[in-house]
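S.K.: Show me the folded form of this:
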Amino acid sequence: MERFGTFIKGAFSYPGKLRETRPVTTAGIIATTLLYAVYAFISSDYSREKHLKDPLDLLSHIALAILFFSVFSLFLESIELRKGRVLKCMLFGFFGVLSLFMSALTYDPPERFRAYRAFRALPALYERLGEYSVFSFIIGGLAIALLLAVFFSYSGKIGQDFNVHLMNCSSNIFFSLIIFGVIQIGVLLLFAIMEELLFHDAFDLFGSILILINGLFFAPAVICALINENEEANAFFRILVRYIMLILSLLSYVIIYAYILKLMITRSVPSNSVFSILTALFVITIFIAYLSTTFENKGLLQKFAYLAPLVFSPFILMQGYTVFVRIGQYGLTPKRYFGIAFILFEIVYITYYLILYKKEKRIAGKGLLIILCVFILVTVFIPGISAKSLSTIIAKQTLSDYLEKLDSNGAIPEKEYIRADAAAGFLQDSEYGRERLKKYFPQFSEEMRDELRAKKNEAGGKLKTGEDEYDIPSDGWYSTDLFMFAGKDGFDISGYDSIRYVAVREYGNTKEIDTSDLAVYPYEKEIEDRTGGPLIKADLSGFVRRFIDITVDEDREDYSVREGHYRDISVIDLDENTRLIITMADIRFDHDRKPEEIGIYGYLFQKKR
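M.R.: Model (predicted):
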């Protein structure tokens, strides 16, 4: 109990401890926290936020730049450079400019700022690179900086084995999370009381208080645990890891082996969900097993902990199968690339771990951090072999082969229509860069794109890759916001007299749904009792048919592609006086693609007749 009390007192001393060894990082964290606290307070009131929208946006990006710089400075302050003071100052300057640039890339300046050339260039550069490239570069760079900060901090001052350090560090973070979590729950209750009895706008300060607690105290606690030598892990945490989490890990492996046995007996193939399950299992169970190697290797549980990577290794075959089946169907995308990269990481980790354990009788250490850095570097930054770069090269080749066969009137297999359409969809996706399809294939017209999509839809239901019938989707769901349909200047609503949020709900039961004559109700009437009758009857048969085709035939793993196609069909002119913009759809259908249940929601724009 005395030790726990000491820990609670120490939890509030971390900002001072961090300032002693990482002053620049500490200053950056404090500045970021204060700026975000101000931002949260102003944003909590709609009238304030409305009048200060542009300054608030600028404030949040300044805070973001300082946050980025704090991560880079943590890395720089962890390096011991002999006679390198000038070099270190230059590096601080370089990463300061880089942090500003990274934050500025995500900044959408108001119109009055666009008179300046620099502010015009930033949104153009963002669109050219694409959302994926911008955020992968930012996250990848910050992740490498953080991993290297831990690596150099451990190499310089920590005398414990790396697995012991990770165990003690995890224990420290675990109890810090409990302490500050309880404090935040207490603050929530206090604000609820104040809101009810004293100040009706007390919760305007709640978000800012939470940011201050987490930024000024919890964040330094986590950083100190990562970069400093910690006291021995708490007995409760050691029991939690060794007996509870490790037993659960062992049972999860038993379930997976039982599933493998079921596949062998029934001669079936792994479900598509296997990859995500096994990936999560690897991250969680291997981490638990690695922490458990701090205990003596005695007993069944400990033997499992020390050999968990070997026990997991057969699961990699199932992961590989699910990924390569999808690549065979739709080609390579960054998401599937990362699936392959993660499998390779698993193989490298297991090999590295077992070589050290079997030959040198020691547990893998800080070298794991360098392995992670190399994988991030390769998958995100290196041209030609990074996720986006390699996926683009293969997509270009796939579409080029298709166009060559099209020009020569050669035979095109049904599978190739699907792969070519997926390649065109990837190159057309603005998330990965602006107008790439037009840039690489200027001869590929909209008519050719529509023809390819139609051919793909014809071939979609015929593709057989060993999937079971239950693996074919029986429902589709789509949701977006109205502003996604607005242009740069917003909505042109000239001529429309009313805008209503409406709903369409139909249940087939024993009869087939007539999608050409659907009742459109005001949302509140649909939810209550449909009194007063529908606003209009609408022919939504085209939308429903295309929605089901997209759900079944499009790449089911990549929702961003499907979402764009859903959005393309969601603006419907019912007649010259009525437009429906669908913002949410939930449609269930049978194997013949006939709708069994329909839920459609959106905005109805009407003119006076």
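S.K.: what comes up buried for the helix or strand encompassing residue 257?
M.R.: Element membership for residue 257 (DSSP states H and E) is helix 246-266. Of the residues in helix 246-266, 246, 249, 250, 252, 253, 256, 259 count as buried by neighbour count, 16 or more other Cβ atoms under 10 Å. For the C-beta atoms, the positions are set from N, CA and C on the backbone; glycine is no exception.
S.K.: quick one: buried residues of the longest helix along the chain?
M.R.: Criterion DSSP state H: the longest helix present in the chain is helix 162-197. Buried residues in helix 162-197, defined by neighbour count with 16+ other Cβ under 10 Å: 162-176, 179-180, 183, 191, 194.
S.K.: That helix - contacts with which helices or strands?
M.R.: helix 2-11, helix 206-213, helix 219-227, helix 235-239, helix 274-292 (3 or more Cβ pairs under 8 Å, 6 or more residues apart in numbering; DSSP states H and E).
S.K.: which one of the ones you listed lies closest to residue 101?
M.R.: helix 219-227 (23.7 Å; Cβ to Cβ).
S.K.: How far does the closest one sit from its chain's centre?
M.R.: Centre-to-centre, helix 219-227 and its host chain are 24 Å apart (Cα atoms, centre = their mean, to the nearest Å).
S.K.: any idea whether residue 586 is helix, strand or coil?
M.R.: strand (DSSP: H, G, I helix; E, B strand; the rest coil).
S.K.: ok, residue 575 - how many residues close by?
M.R.: A count of nearby residues for residue 575, using other Cβ atoms under 10 Å, gives 12.
S.K.: got CSV for the helices and strands packed on helix 162-197, with distance to residue 495 too?
M.R.: Converted to CSV, those look like this (distance: least, Cβ to Cβ, whole Å):
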stretch, distance to residue 495
helix 2-11, 62
helix 206-213, 41
helix 219-227, 53
helix 235-239, 66
helix 274-292, 48
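S.K.: where do the strands sit along the stretch 501-609 of the chain?
M.R.: Along the stretch 501-609 of the chain, counting by DSSP state E, counting those that start in this stretch, strands occupy 518-522, 536-538, 571-575, 578-589, 595-606.
S.K.: swap that for the stretch 351-500 of the chain, sorry
M.R.: Assigned by DSSP E, counting those that start in this stretch, the strands in the stretch 351-500 of the chain fall at 475-479, 498-507.
S.K.: Out of the ones you listed, name the one with the poorest average pLDDT.
M.R.: Of all those, strand 475-479 carries the lowest average pLDDT, namely a mean of 80.
S.K.: okay, how far is it across stretch 570-586, tip to tip?
M.R.: 13 Å (Cα to Cα, to the nearest Å).
S.K.: same check, this time on stretch 226-243
M.R.: OK, stretch 226-243 end separation, Cα to Cα: 24 Å.
S.K.: Next: stretch 380-391.
M.R.: 12 Å.
S.K.: for that stretch, what is the average pLDDT?
M.R.: What stretch 380-391 shows for mean pLDDT is 90.
S.K.: Okay, buried residues for that stretch please.
M.R.: 380, 386, 387, 388, 389, 390, 391.
S.K.: Next: stretch 296-311.
M.R.: 301, 302, 304, 305, 306, 308, 309, 311.
S.K.: Now flag whichever of those residues is closest to residue 265.
M.R.: Once Cβ to Cβ is applied, the member of these that ends up nearest residue 265 is residue 311, at 21.2 Å.
S.K.: Check which element follows the host helix or strand of that closest one along the chain.
M.R.: Using DSSP H and E, residue 311 sits in helix 299-312. Once helix 299-312 ends, the next helix or strand along the chain (criterion: DSSP H and E) is helix 315-330.
S.K.: packing partners for that following helix?
M.R.: Using 3+ Cβ pairs under 8 Å, 6+ apart, helix 315-330 sits against helix 274-292, helix 334-359, helix 414-428.
S.K.: quick one: low-confidence parts of this structure?
M.R.: The model of the chain has pLDDT under 70 over residues 1-11, 46-50, 82-84, 111-120, 459-474, 486-491, 508-511, 525-532, 553-561, 609.
S.K.: Disregarding residues adjacent in the polypeptide, which is nearest to residue 158?
M.R.: Nearest residue to residue 158, sequence neighbours excluded (Cβ to Cβ, 6 or more residues apart in numbering): residue 229, at 4.6 Å.
S.K.: looking at it, the one you found is touching residue 156, isn't it?
M.R.: No - when contacts are counted by Cβ atoms under 8 Å, residue 229 is not listed as touching residue 156 (10.7 Å).
S.K.: Those two: which has the busier surroundings?
M.R.: residue 229 (15 against 11).
S.K.: I'd assumed that one was in a strand, is it?
M.R.: No - applying three-state DSSP, one finds residue 229 to be coil, outside a strand.
S.K.: contacting residues for it?
M.R.: When contacts are counted by Cβ atoms under 8 Å, 6 or more residues apart in numbering, residue 229 touches 157, 158, 159, 160, 165, 168.
S.K.: could those residues be laid out in a markdown table, adding distance to residue 364?
M.R.: Formatted as a markdown table, these follow (distance: Cβ to Cβ, whole Å):
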| residue | distance to residue 364 |
| --- | --- |
| 157 | 21 |
| 158 | 16 |
| 159 | 18 |
| 160 | 15 |
| 165 | 13 |
| 168 | 17 |
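S.K.: Just give me the closest of these to residue 211.
M.R.: Relative to residue 211, the closest of the contacts of residue 229 is residue 168; by Cβ to Cβ it sits at 28.1 Å.
S.K.: Count the residues that sit near the closest residue to the closest one other than its chain neighbours.
M.R.: Nearest non-adjacent residue to residue 168, counting by Cβ to Cβ, 6+ apart: residue 230, 3.9 Å away. With neighbours defined by other Cβ under 10 Å, the count for residue 230 comes to 20.
S.K.: Would you quantify the distance from residue 230 to residue 217?
M.R.: The gap separating residue 230 from residue 217 is 17 Å, by Cβ to Cβ, to the nearest Å.
S.K.: before we move on, back to that, what helices and strands are in contact with the helix holding residue 311?
M.R.: helix 246-266, helix 274-292, helix 334-359.
S.K.: and for it, what are the contacting residues?
M.R.: 242-243, 246-247, 249-250, 253, 281-282, 285-286, 288-289, 292-293, 295-297, 346, 349-350, 353-354, 357.
S.K.: Repeat that for stretch 602-609.
M.R.: Outside stretch 602-609, the residues touching it (Cβ under 8 Å, 6+ apart) are 482, 493, 495-502, 520, 535-536, 570, 577-584.
S.K.: ok so, going back, would you mind writing the CA trace of the helix holding residue 257 as CSV?
M.R.: What follows is helix 246-266, C-alpha atoms only, in CSV (Å, rounded to 0.1, in the frame of the first residue of the first chain):
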residue,chain,number,x,y,z
LEU,A,246,-1.0,-15.7,-20.9
ILE,A,247,-3.7,-18.3,-20.2
LEU,A,248,-6.1,-16.4,-22.5
SER,A,249,-3.4,-16.3,-25.2
LEU,A,250,-2.9,-20.0,-24.9
LEU,A,251,-6.6,-20.7,-25.2
SER,A,252,-6.9,-18.5,-28.3
TYR,A,253,-4.1,-20.6,-30.0
VAL,A,254,-6.1,-23.7,-29.1
ILE,A,255,-9.2,-22.3,-30.8
ILE,A,256,-7.2,-21.5,-33.9
TYR,A,257,-5.7,-25.0,-34.1
ALA,A,258,-9.2,-26.4,-33.6
TYR,A,259,-10.3,-24.2,-36.6
ILE,A,260,-7.5,-25.6,-38.7
LEU,A,261,-8.6,-29.1,-37.8
LYS,A,262,-12.1,-28.2,-38.9
LEU,A,263,-10.8,-26.9,-42.2
MET,A,264,-8.9,-30.2,-42.8
ILE,A,265,-11.9,-32.4,-41.9
THR,A,266,-14.4,-30.4,-44.0
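S.K.: That helix to helix 274-292, inter-axis angle?
M.R.: 150 degrees (axes from the mean of the first three to the mean of the last three Cα atoms, to 10 degrees).
S.K.: Please name every helix or strand in contact with helix 246-266.
M.R.: helix 274-292, helix 299-312.
S.K.: out of these, nearest to residue 321?
M.R.: helix 274-292 (8.1 Å).
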